[in-house]
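**Student:** Predicted model and sequence follow; I will ask about them next.
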Amino acid sequence: MKITAGLFENMVLQRNKQNESEGYFSGKCSASGAVKAYITCEGTIIEGFDWSNVGTASDNTFKGCMNGLPVGGPYDIKLVIEDSNGTAAEGMEARNILVGDVWILAGQSNMEGIGYMKDALKPDPLVRAFYMDDRWDMACDPLHELADAVDDVHIDYMGGTRIKKPPHIGVGPGVAFARELRRETGIPQGVIACAHGGTSMTQWDPGLKQLGGKSLYGAMLRRFKKNGCTVSGVLWYQGCSDTDGIAASRYTDRMKNFVDSIRKDFNNAALPFVMVQISRVCDSSSNPRWWNSIRNKQRCLPEVIDNLAVVPSIDLDLDDAIHISGYDQNRLGKRCAGAMLSLKYGLESYKPPIILLDIRVEQDSLSGNADIILVYGNVMGKLEAKGRPSGFDVTGAPFGVDTTCIYRTDIDGCKVVLRTSVPVSSVMGTYLYYGYGINPYCNITDSCDRSLPAMGPVCVGKCSAYSPFVRKLKVSRLQPSAGKLDNLEYPDGLSLLGLHNRVFDTNFCSLHDELSLTGP
């Protein structure tokens, strides 16, 4: 007997609502008959698994269901194929198996993990990982060693070479995510590593799943099926590779299709999905407009995708120009675990990620200028900042430059008050950001170390037109008087008007100076 799916040494079997295992296994064999299981935990036989029937074998294959094992473990599982004479014709054993929750980890490099290994967490025996080489073991960074990957897509995207990570990098959010879930629930945790750095939504297209392990989505689906066809949810960090005009314009639709496809292929219409809002980059070639666009689209995804939470990361430190530091990847993993605990389990001790509830403008009673007041929801404790609260900018156009009118940011419970140096009329119709540009400094969190979401452009007050005023026009020569304007006829030909291009210095396209020269 040789297992090919669903039951491997050191793995975590997904629990069901009754806190028991529920998953499928299959493999290859030469015998036919009933598949029976003998299961022990620390030497004690588990009730109901003293050579009980769990499947069948025929035509050189066997399959069955490993249902009913209580949450916990570790379990040692012996399987035999009993022929028609009651003889054990073939057998196998899988040791050190846990029952708990299993999660898909997917996305690009900040999920793959490029943080410094000096900040890697110590392994927890009750937290396991299914590594890129199709092996279960205790979860420790790096979870994603792409050079060891079974699926061709990971090697293809590395140019066909198997180059291992430098030994000093490899920390992502996955280990901290699973450790925090185990700490809070007491339940064993398993993660299935599926991420690949530098990948776009186009490369994660579910439409490529027929390519199997030659596509990212197909590889993820294969790993899901190999581990029993059931998981608790998905943790996703991606978006940096979609920060261009075309990809950004299609991002929301692609995410909707991606999540819908996963839920359909995983046979769970309400599968919990926690994702990270992209952080920062220090790269002069990156376009701030599209980084802001992707962040804002991600912030708004819970409005169009059910059972999805978006975790901010705009305040976190980097270990290089784009990758979150190992230390702060552990902070991020805890944030993601909190979001999942709220989303999936509804624990009262955790709230969903912080959201913006309201923006209003009031006249400051002392200065007479505009105060922009933001009210946030889902705050745990209160909002706070180490040092001067930073991160907000006001722009005159949705993708314009900072107008530098905010001179102080005050925090009051769940509110942020932006003190400005301009009157209310000057603020109305402007655009507000938290985390403007590619490398902003943002430092406002709640008492549980959860960041405000990056946002913007968000219109303050009454929105103005997105396009700037027209200053370049075709202007005719001054024409002779036409008499009464109510009988003015359209000229026979525009060529008679002497049209020429004219660029005006201000938004008021004035000909007063020219007209004054022709007056009496």
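**Tutor:** Great, that's in hand.
**Student:** in a helix, that's where Asp253 is, yeah?
**Tutor:** Yes. Assessed by DSSP: H, G, I helix; E, B strand; the rest coil, Asp253 belongs to a helix.
**Student:** Next, count neighbours for Glu184.
**Tutor:** For Glu184, the neighbour count with other CB atoms under 10 Å is 17. To be clear about C-beta, it is placed using only N, CA and C from the backbone, and glycine gets the same treatment.
**Student:** Please name the residues that touch it.
**Tutor:** Taking CB atoms under 8 Å, 6 or more residues apart in numbering, we find Glu184 in contact with Ala337, Leu341, Leu347.
**Student:** Going along the chain, name the strands of the stretch 51-200 of the chain.
**Tutor:** Remark: strands assigned in the stretch 51-200 of the chain by DSSP state E, counting those that start in this stretch are 61-65, 72-82, 88-107, 115-116, 127-130, 136-138, 169-171, 189-193.
**Student:** tell me the secondary structure for Leu221?
**Tutor:** Secondary structure, three-state DSSP: Leu221 is helix.
**Student:** what residue ranges in the chain are flagged as low confidence?
**Tutor:** Scanning the chain for pLDDT under 70 picks out the ranges 463-468, 482, 485, 513, 516-520.
**Student:** As JSON lines, the strands of the stretch 51-200 of the chain with distance to Ser215 and mean neighbour count would be great.
**Tutor:** Putting these into JSON lines (distance: least, CB to CB, whole Å; neighbours: other CB atoms under 10 Å) gives the following:
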{"stretch": "strand 61-65", "distance to Ser215": "26", "mean neighbour count": "19"}
{"stretch": "strand 72-82", "distance to Ser215": "33", "mean neighbour count": "21"}
{"stretch": "strand 88-107", "distance to Ser215": "13", "mean neighbour count": "22"}
{"stretch": "strand 115-116", "distance to Ser215": "27", "mean neighbour count": "24"}
{"stretch": "strand 127-130", "distance to Ser215": "19", "mean neighbour count": "27"}
{"stretch": "strand 136-138", "distance to Ser215": "24", "mean neighbour count": "17"}
{"stretch": "strand 169-171", "distance to Ser215": "24", "mean neighbour count": "24"}
{"stretch": "strand 189-193", "distance to Ser215": "16", "mean neighbour count": "26"}
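**Student:** which residues in the stretch 401-520 of the chain form strands?
**Tutor:** Using DSSP E, counting those that start in this stretch, the strands of the stretch 401-520 of the chain run over 406-412, 415-420, 431-434, 444-446, 455-459, 472-475, 500-503.
**Student:** who wins for proximity to Pro353 among the ones you listed?
**Tutor:** The closest of the strands of the stretch 401-520 of the chain to Pro353 is strand 444-446. By CB to CB, the value is 10.0 Å.
**Student:** Run through the neighbouring helices and strands of that closest one.
**Tutor:** Counting contacts by 3 or more CB pairs under 8 Å, 6 or more residues apart in numbering; DSSP states H and E, strand 444-446 is packed against strand 383-385.
**Student:** Which neighbouring elements make contact with the strand it packs on?
**Tutor:** If you count contacts as 3+ CB pairs under 8 Å, 6+ apart, strand 383-385 packs onto strand 406-412, strand 444-446.
**Student:** do that again at 10 Å, thanks
**Tutor:** Judged by 3 or more CB pairs under 10 Å, 6 or more residues apart in numbering; DSSP states H and E, the packing partners of strand 383-385 are strand 406-412, strand 415-420, strand 444-446.
**Student:** what sits up against that strand?
**Tutor:** 315, 354, 374, 376, 389, 391, 409, 411-416, 442-447, 449-450, 452 (CB atoms under 10 Å, 6 or more residues apart in numbering).
**Student:** Taking these, please make a PyMOL selection of just the buried ones.
**Tutor:** To isolate the buried ones among these in PyMOL, judged by 16 or more other CB atoms under 10 Å, type:
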select buried, resi 315+354+374+376+389+391+409+414+415+416+442+443+444+445+446+450+452
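**Student:** Confirm for me that Met11 is in contact with Ile97.
**Tutor:** Yes. The pair Met11 / Ile97 is scored as a contact, 5.7 Å apart, by CB atoms under 10 Å.
**Student:** Turn the strands of the stretch 401-520 of the chain into JSON lines, including distance to Thr61.
**Tutor:** Output for the strands of the stretch 401-520 of the chain, formatted as JSON lines (distance: least, CB to CB, whole Å):
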{"stretch": "strand 406-412", "distance to Thr61": "63"}
{"stretch": "strand 415-420", "distance to Thr61": "61"}
{"stretch": "strand 431-434", "distance to Thr61": "56"}
{"stretch": "strand 444-446", "distance to Thr61": "53"}
{"stretch": "strand 455-459", "distance to Thr61": "53"}
{"stretch": "strand 472-475", "distance to Thr61": "74"}
{"stretch": "strand 500-503", "distance to Thr61": "77"}
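**Student:** looking at the ones you listed, which is closest to Asp133?
**Tutor:** Distance to Asp133, taken as CB to CB, is lowest for strand 444-446 among the strands of the stretch 401-520 of the chain, at 37.6 Å.
**Student:** For the residue nearest to Gly228 when sequence neighbours are not counted, give its distance to Arg95.
**Tutor:** By the measure of CB to CB, 6 or more residues apart in numbering, the closest residue to Gly228 outside its immediate chain neighbours is Gly23, 3.0 Å from it. Gly23 sits 17 Å away from Arg95 when distances are taken as CB to CB, to the nearest Å.
**Student:** Ok, Ala129 next?
**Tutor:** 17 Å.
**Student:** What of Asp317?
**Tutor:** In this view, Asp317 and Arg95 are 41 Å apart by CB to CB.
**Student:** My guess is Leu515 contacts Leu478. True?
**Tutor:** Yes. If you go by CB under 10 Å, Leu515 and Leu478 touch, sitting 7.1 Å apart.
**Student:** what sits against Ser279?
**Tutor:** 110, 237, 239-240, 291, 295, 312-318, 322-324, 328, 332, 435, 439-440, 442, 451, 454.
**Student:** Try it again at 8 Å.
**Tutor:** Shown in contact with Ser279 (CB under 8 Å, 6+ apart): Asn110, Ser313, Ile314, Leu316, Leu318, Ile324.
**Student:** just Lys36 next, same as before
**Tutor:** Shown in contact with Lys36 (CB under 8 Å, 6+ apart): Trp51, Ser52, Asn53, Val54, Leu79, Val80, Ile81, Glu82.
**Student:** Also Asp328?
**Tutor:** Counting by CB under 8 Å, 6+ apart, Asp328 touches Gly115, Leu316, Asp317.
**Student:** Look at Thr506 and say how many residues are nearby.
**Tutor:** Residues near Thr506, counting by other CB under 10 Å, number 8.
**Student:** Gly86 too?
**Tutor:** By the measure other CB under 10 Å, the count of residues near Gly86 is 8.
**Student:** separation between it and Pro142?
**Tutor:** According to CB to CB, Gly86 stands 48 Å off from Pro142.
**Student:** next one: Leu69
**Tutor:** Going from Leu69 to Pro142 by CB to CB gives 30 Å.
**Student:** and if you look at Arg331?
**Tutor:** 18 Å.
**Student:** these two touch, right, Asp320 and Ile114?
**Tutor:** Yes. Using CB atoms under 8 Å, Asp320 makes contact with Ile114 at a distance of 7.0 Å.
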